[in-house]
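Colleague: sequence first, predicted coordinates after that:
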Amino acid sequence: MHSEPSFALPGRSTPAPADRDRLDAAARFVREQDTPVLLSRVLPGLDGPELRALTDRCRFAHAAVLVFPPDERALRAELAACGLPADGPARPSVVVRDRLAARHGHHPGDLEVRILRPEVRGPAEERRTVEVFALSVPPGSGLSRIAADERGADREAHLAFDVEHPDPLVLRGLLASFARHGAAPDGGGYNPHEDGTVFYLTAPEGTKTPYRRVELYAGGDHRDVLAEHLAGTPAARYPRQPDAPRRPDVPRQSDAARPAETLLRLLTGAWTTQALAACAELRLPEAMDRHAGKRVPELAGAVGAHPRGLAVLLRYLAGLGVVSRGPDGYRLTDTGALLDDAAPASMRPLALMYGGPFYASFAHLAHAVRSGEPGFDRLHGENHFDHFARDPGLAALFDRSMASSAPLFDPLPGHPVLTAAATAPGRPRTVVDVAGGTGELLGRVLTAHPALRGVLLERPQVLPAARARLTALGVGDRCSCRPGDFADVPQGADVYVLSRVLHDWDDDRCRTILRHCADAMPADADLLVVERLLPADDSPSLATAWDLHMLCNTGGRERTADHYARVFGECGLVLAGSAPLALGAHALHARKAPEEAAGG
Ligand SMILES: C[S@@+](CC[C@H](N)C(=O)[O-])C[C@H]1O[C@@H](n2cnc3c(N)ncnc32)[C@H](O)[C@@H]1O
């Protein structure tokens, strides 16, 4: 039997909703859950390699509950009565305070929300906590209305997973995976008191726990990823605080003006691409510093620019978050630093491609939509691969632009197919990367697994850069580079990889490529296909933008997982699983269909 709750609402004659019952229920839940089972209950349908990938990165950490004690002493007494020891100091909670303030029309400064994290043990003695948010509701404070409303709706109750070794790519991959299974962005924030970033999501319809909200907690400052996450959060969840001061220089928009403003922002999107390309072309990031500001005349001298022109560009780039302006001038942000040619996985080549050859063809998008012929082919009279092949400078820029997004491969060496091949007893196993570009992916796989051998199949002109990269990574002696076409896929290897190849082509050509792979694969070989997947519904996805890019520039397309499964099936292959990578990409795992395997 529970004792009466000790947090009574001032002025109520009936007992308040039981904060103690809610604390007890949260503690029980945290003690009983096992992370993989919990993930599959939170996201019904999550299983196989994707569940394993999430389990590798996410650790169930706590369940949260919001309670309303009159003060901290009363809170500690209540926790002690629930068997929840809370020895540490109570810390301020910025995120929940701001959410409550926005929801109930209060100034954040009027609300005191503290966090305590009493420890409990999971089923295998894992260290976990019940995260207790406490809004102080002193008698007569006028905050009891908030308490009554929040207790009834329980909006802040959530489950939390700690993200192991978070970096922007891992976070984007995890968030994409949650989105794919129907979870929707629902706010979040950066807590400077703890140097941690919180991403909230709404659990999908049909979620199988009583909790409707999920938190991913990443240690460190991940405000770039957070900004993308918040952009996907419905604005209605963040009503403007009525008493928050307005910036005096921003005139109030009439409702009628908003669609026009939205459309203007969209119509000028091309200027953004060009501003980023100009920034890269001028080598502005190389002339700037991350930590010290530089003034416009100094920067103009360094990059050989007209001072006024550069001032205009820098102000625009500051609006994009690529540079920031301080009293000592302009400095580079983390985002802008990726445009520095010397940055690891520099995105400078991509900026030059998207602002250059792949930009000009977008002027012919309407033609591509009408005819199905890529705008690029219309402009240049030939396919982009053929066009680049005749211009070594452009070809090298394209190859380097592909390497720009190579961090999406980072999780791939941990794919079960590759770890199984790497640890299989007997002879060393071989991975063939078909059209493997400059070897970024294969280099990562061979670096992670010293027992594996590699073969990189590419067009001859790409191979010198690939050899140099594989040698620089120290895996050149375990990897051969073969010049050839898709028809030359080497026979008899253990794992085949097709990364960002199929999306360059229509279904007919994909079938040809896949049949070459299937013919070369022994019965028990595995095929990993790395691609962005179009969502089955209309949920937001990077793949939607790249689908347009493929239509206009390559004549290929992005596809849903079902579409890939169908094309695999037409080539004697079956889709065995799908695992999220970063930047919206997935690793699809295919094997030979049983009848093909028996016949072959
Ligand atoms: C989009 S890139 C992907 C490169 C790499 N797999 C990656 O994910 O970074 C496509 C690759 O297909 C190669 N390719 C195009 N046509 C080819 C062909 N007929 N035979 C072999 N490779 C081809 C290109 O050279 C290019 O490196």
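Modeller: Yep, that arrived. Quick caveat: nothing in here was measured; it's all calculated off a predicted structure.

Colleague: setting aside sequence neighbours, what's the nearest residue to the residue in the stretch 151-300 of the chain that the ligand sits nearest to?
Modeller: In the stretch 151-300 of the chain, the residue found nearest to the ligand is L169; the distance is 14.9 Å by Cβ to the nearest ligand atom. The way it works is simple: take the backbone N, C-alpha and C, and place the C-beta from them, glycine included. Excluding the flanking residues, the one nearest L169 by Cβ to Cβ, 6 or more residues apart in numbering is A582, at 3.4 Å.

Colleague: and if you look at D98?
Modeller: Counting by Cβ to Cβ, 6+ apart, the residue nearest D98 is P108, at 5.4 Å.

Colleague: distance of that neighbour from the ligand?
Modeller: Distance, P108 to the ligand, using Cβ to the nearest ligand atom, to the nearest Å: 46 Å.

Colleague: burial measure for P108, as a count.
Modeller: By other Cβ atoms under 10 Å, 15 other residues sit near P108.

Colleague: got it, and the one 5 residues further on?
Modeller: Close neighbours of V113, defined as other Cβ under 10 Å, add up to 23.

Colleague: pLDDT score assigned to the nearest residue to it once chain neighbours are set aside?
Modeller: Using Cβ to Cβ, 6+ apart and skipping the chain neighbours, the partner closest in space to V113 is R97 (4.1 Å). Predicted confidence (pLDDT) at R97: the value is 87.

Colleague: which SS class is R97?
Modeller: Three-state call for R97 (DSSP: H, G, I helix; E, B strand; the rest coil): helix.

Colleague: my read: it touches G109, true?
Modeller: No: under the criterion of Cβ atoms under 8 Å, R97 makes no contact with G109, lying 9.1 Å away.

Colleague: more crowded one of those two?
Modeller: The neighbour count for R97 versus G109, taken as other Cβ under 10 Å, is higher for R97 (21 against 8).

Colleague: who's in contact with the more buried one?
Modeller: Listed by Cβ atoms under 8 Å, 6 or more residues apart in numbering, the contact set of R97 reads P108, L111, E112, V113.

Colleague: just to revisit the earlier point, separation between the residue nearest to L169 and the ligand?
Modeller: Taking Cβ to the nearest ligand atom, one finds A582 at 13 Å from the ligand.

Colleague: go on, V113?
Modeller: In terms of Cβ to the nearest ligand atom, V113 sits 46 Å off from the ligand.

Colleague: strands along the stretch 401-550 of the chain, start to end?
Modeller: Along the stretch 401-550 of the chain, counting by DSSP state E, counting those that start in this stretch, strands occupy 430-434, 453-458, 479-483, 495-499, 526-532.

Colleague: any idea which of the ones you listed gets closest to the ligand?
Modeller: strand 495-499 (3.5 Å).

Colleague: center of this protein - which residue?
Modeller: Residue closest to the average C-alpha location in the chain (Cα atoms, centre = their mean): R172, at 1.1 Å.

Colleague: what's the helix or strand for that residue?
Modeller: Taking DSSP states H and E as the definition, one finds R172 inside helix 168-180.

Colleague: low pLDDT regions in this structure?
Modeller: Counting by pLDDT under 70, the chain shows low-confidence ranges at 1-17, 193, 234-258, 599-600.

Colleague: try 50 this time
Modeller: Across the chain, residues meeting the criterion (pLDDT under 50) sit at 1-16, 236-255.

Colleague: close to the ligand: what parts of it are there?
Modeller: Applying Cβ under 6 Å from any ligand atom, we find that the chain lies next to the ligand at 385, 402, 435-437, 440-441, 458-459, 462, 485-486, 499-501, 504.

Colleague: before we move on, the earlier item: what's the closest non-adjacent residue to the residue nearest to the centre of the chain?
Modeller: A582 (5.3 Å).

Colleague: next one: S324
Modeller: Distances taken as Cβ to Cβ, 6+ apart place T333 nearest to S324, at 5.4 Å, with adjacent residues excluded.

Colleague: backbone torsions only: list them for that neighbour.
Modeller: Per-residue torsions, T333: phi -90, psi 170 (degrees, to the nearest 10).

Colleague: equivalent analysis for the one 10 residues further on, please.
Modeller: Geometry field for A343 lists phi and psi as phi -70, psi 150, criterion degrees, to the nearest 10.

Colleague: what lines up beside the helix or strand harbouring V130 in the sheet?
Modeller: Under the criterion of DSSP H and E, V130 resides in strand 127-135. Strand 127-135 has the following sheet partners, assigned by DSSP bridges: strand 58-67 (parallel), strand 113-116 (antiparallel), strand 119-121 (antiparallel).

Colleague: so how far is it off the chain centroid?
Modeller: Put simply, strand 127-135 sits 27 Å off its chain's centre (Cα atoms, centre = their mean, to the nearest Å).

Colleague: next secondary structure after that strand?
Modeller: helix 144-153.
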